[in-house]
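Undergrad: Have a look at this fold, sequence not included:
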């Protein structure tokens with residue numbers, strides 16, 4: 001188990017991480033509609049989630065499902081959660097890491113980045129589970145991309161996090177996120193099928209690592225200081 005709690009990195013390029021808060025707000029609003037709305041959790045998951053077998057045309061849902069064209073479900077699935085624990089976990093990661101990644105990209109680029117990572121994660125899940133009729137839902141893929149961006153942008157920042165059975169530790173992001181990605185990879189390749197899209201997490205992480213050099217500001221003050229520090233250390 002790994003849950004980030006706080007990093008304490010101040011924002012340099014903006015006052016408010018509006019895109020991060022908007023994303024969290026959208027996920028919470030859709031969860032509340034899923035939980036208390038007239039359709040119910042199963043209908044929301046089937047109507048907005050990504051079902052690989054349906055995505056590839058091997059199976060078909062009843063009339064009225066999905067709610068939008070099938071090619072859009074890799075995107076819509078990002079914002080749907082049917083479990084409060086799933087929602088809280090994803091939003092906690094996004095709250096801790098998202099603001100600083102958004103600070104390095106800007107509001108619009110961050111939204112594009114988050115959706116692109118979540119979509120890539122959903123497609124990786126679909127291609128690794130093409131016959132699955134279980135809907136993939138949740139922001140985990142997009143969050144994984146944000147985690148990858150944070151690791152690249154702020155590897156030496158120390159963060160507070162809970163490990164294993166709730167042990168609080170203050171460790172560099174490199175070690176904390178390295179531990180997290182090792183858990184994802186181990187679960188994907190050696191774990192049992194427990195309904196978690198582990199390959200989606202890995203796909204989102206890979207997409208984030210690939211996209212962050214293109215999405216961040218060309219001159220990021222934090223990265224510039226880190227590079228200056230490395231150069232001075234070599235002299």
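TA: Here it is on my side, so go on. This one's a predicted model, so the numbers in the text were calculated from it and none came from an experiment. Numbering: from 1, shown residues only.
Undergrad: how many other residues sit next to the closest residue to residue 173 other than its chain neighbours?
TA: Leaving out its chain neighbours, the residue that sits closest to residue 173 by Cβ to Cβ, 6 or more residues apart in numbering is residue 157, at 4.9 Å. Just so you know, the C-beta spots here come from the backbone N, C-alpha and C atoms, and that holds for glycine as well. By other Cβ atoms under 10 Å, 17 other residues sit near residue 157.
Undergrad: again, but for residue 17
TA: Other residues close to residue 17 by other Cβ under 10 Å number 21.
Undergrad: Over to residue 5?
TA: 14.
Undergrad: Just confirm it is within a helix.
TA: No - the assignment for residue 5, made by DSSP: H, G, I helix; E, B strand; the rest coil, is strand rather than a helix.
Undergrad: Determine the three-state secondary structure at the closest residue to it other than its chain neighbours.
TA: Distances taken as Cβ to Cβ, 6+ apart put residue 160 closest to residue 5, at 4.4 Å, once the chain neighbours are dropped. Under the three-state scheme (three-state DSSP), residue 160 adopts strand.
Undergrad: how near is residue 155 to residue 178?
TA: Distance of residue 155 to residue 178, computed by Cβ to Cβ, to the nearest Å: 10 Å.
Undergrad: ok so, going back, dump the residue contacts of the residue nearest to residue 5.
TA: If you count contacts by Cβ atoms under 8 Å, 6 or more residues apart in numbering, residue 160 has them with 4, 5, 6, 7, 168, 169, 170.
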